[in-house]
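Trainee: Quick check, what structure comes out for this input:
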Amino acid sequence: MQRIILSANDLARVKIAESISPAVEAIFAVDALRDAEGEYFRAWRGKVWRNMVRPDARMERVMRLTRVRGGSREVWGAWSGSHDPEAGHSGDGVLAPGHVVPAVQDLCHLAVMPSWSRVRLHLDTIRAECREIMSGDGLQALFERLDPGIRWNAPVLEIEGHGQPQKLKPRGAGLVLLPSLFAQSTAIVLPAAVPGEERAPVLVFPALPYPVKGHLLDEEPIAPPVGRRSPENLAALLGRTRAAALRALREDCTNGELAEKLGVSTAAVSQHTAVLRGAGLISTHRRSSRVVHTVTPLGHLLLGGESTLRGPGPQIPPRARHSTSV
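Mentor: Purely as a prediction, here's the structure:
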């Protein structure tokens, strides 16, 4: 059991990570490769293992990475600089300085990048759903929905899982919530990427698609063909109001701004944006005190065929500077 004691200042600083890097997912993929029982990753795991048996120095580095005794937690510690040398390790040198970073990069290119566009869109949707729950129902509701092994008994967040029991006090630094496709079975708590009491710990929770399907790990990119299509065709696919909403969100909007543009109620906007977000066409994130909807790369692809009819295509805005990335 892992326990995080959250003060009022910590609760005010709970963040949902704005993004996850492919390298971090590769670290969690270490456990996915070692778990022979995980049905969701079966085909992916077989493909990766077949590539790893090639007589190649890079594949040997990856093979050694999967043999680290402490799995993803130990790899994370070495990769992030929070590893305690006195805690022990696999003993095969993979965690020696200069070894772990290239090994993680090799695993990333082999196991994560071929399907990264699909994985990223899925995790964008999960993060948007988390923000919607937190803004609509509060932190307690969000904690209760993250994972069955997470319980909120104020002021303690309890996380069932593997590893040694531990008690963390962020001391006002807050907590970062991070969904991961490759994290296995239960949520885990990782120390801050940069050690120090002013940095928030990271709570990683599994984010498998439901219903469970294997298509996220296919190598083909998730990209509908972009051709010349009329606004009527898009309306037939999404419905007229949702198609209009998607077009309007070429410029980021809050619920109220989108309702004004469409001439509908904010309640109706919430329903339409939930459908568009679930389809991976928009994402929702917080900018200061505003909750803003943005068209995703997939949404831009769907709108791309209209660009010749409606003027220049949109520019995807840069992420807000205050966003949290892992």
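
Trainee: Phi and psi next, for Leu203.
Mentor: Main-chain dihedrals, Leu203, degrees, to the nearest 10: phi -100, psi 110.

Trainee: quick one, what contacts it?
Mentor: 4, 146, 157, 159, 175-178, 187-190 (Cβ atoms under 8 Å, 6 or more residues apart in numbering). (C-beta placed from N, C-alpha, C; glycine too.)

Trainee: who wins for neighbours among the residues you listed?
Mentor: Using other Cβ atoms under 10 Å as the neighbour criterion, Ile188 leads the contacts of Leu203 with 27 neighbours.

Trainee: can I assume that one is in contact with Val204?
Mentor: Yes - contact criterion Cβ atoms under 8 Å: Ile188 and Val204 qualify, at 5.2 Å.

Trainee: Give the other helices and strands that the longest helix along the chain contacts.
Mentor: The single longest helix within the chain, with elements called by DSSP state H, is helix 116-137. Here helix 116-137 touches strand 14-16, helix 139-146, strand 175-180, helix 266-278, strand 282-287, helix 297-304, going by 3 or more Cβ pairs under 8 Å, 6 or more residues apart in numbering; DSSP states H and E.

Trainee: would you turn the ones you listed into CSV with distance to Val48 and mean pLDDT?
Mentor: Shown next, in CSV, are the helices and strands packed on helix 116-137 (distance: least, Cβ to Cβ, whole Å; pLDDT from 0 to 100):
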stretch, distance to Val48, mean pLDDT
strand 14-16, 29, 91
helix 139-146, 27, 87
strand 175-180, 17, 91
helix 266-278, 29, 86
strand 282-287, 29, 80
helix 297-304, 25, 76
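
Trainee: Packed most tightly, which of these would that be?
Mentor: strand 175-180 (a mean of 24; mean count of other Cβ atoms under 10 Å).

Trainee: Output the contacting helices and strands for that strand.
Mentor: Taking 3+ Cβ pairs under 8 Å, 6+ apart as the contact cut, strand 175-180 packs with strand 14-16, helix 22-34, helix 116-137, strand 202-206.

Trainee: Mind checking what helix or strand follows it in sequence?
Mentor: Using DSSP states H and E, the helix or strand that directly follows strand 175-180 along the chain is strand 188-190.

Trainee: List the strands paired with that next one, with their directions.
Mentor: strand 202-206 (antiparallel) (DSSP bridges).

Trainee: from the chain's centre, how far out does the partner strand sit?
Mentor: Here the centre of strand 202-206 is set off from its chain's centre by 9 Å, with Cα atoms, centre = their mean, to the nearest Å.

Trainee: go on, stretch 39-54?
Mentor: For stretch 39-54, the distance to the chain centre is 22 Å (Cα atoms, centre = their mean).

Trainee: what is the mean pLDDT for that stretch?
Mentor: Stretch 39-54 carries an average pLDDT of 85.

Trainee: Buried residues in that stretch, which are they?
Mentor: Across stretch 39-54, burial judged by 16 or more other Cβ atoms under 10 Å covers 40-41, 44-45, 48, 52.

Trainee: Out of those residues, which sit inside helices?
Mentor: Counting by DSSP H, those contribute 44-45, 48, 52 to helices.

Trainee: can you list those residues in TSV and add distance to Val62?
Mentor: Shown next, in TSV, are those (distance: Cβ to Cβ, whole Å):
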residue	distance to Val62
Trp44	14
Arg45	13
Val48	9
Met52	6
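
Trainee: Check what pLDDT the residue most central in space within the chain gets.
Mentor: Centroid-nearest residue in the chain: Leu123, 3.8 Å away (criterion: Cα atoms, centre = their mean). Here the pLDDT value assigned to Leu123 is 86.
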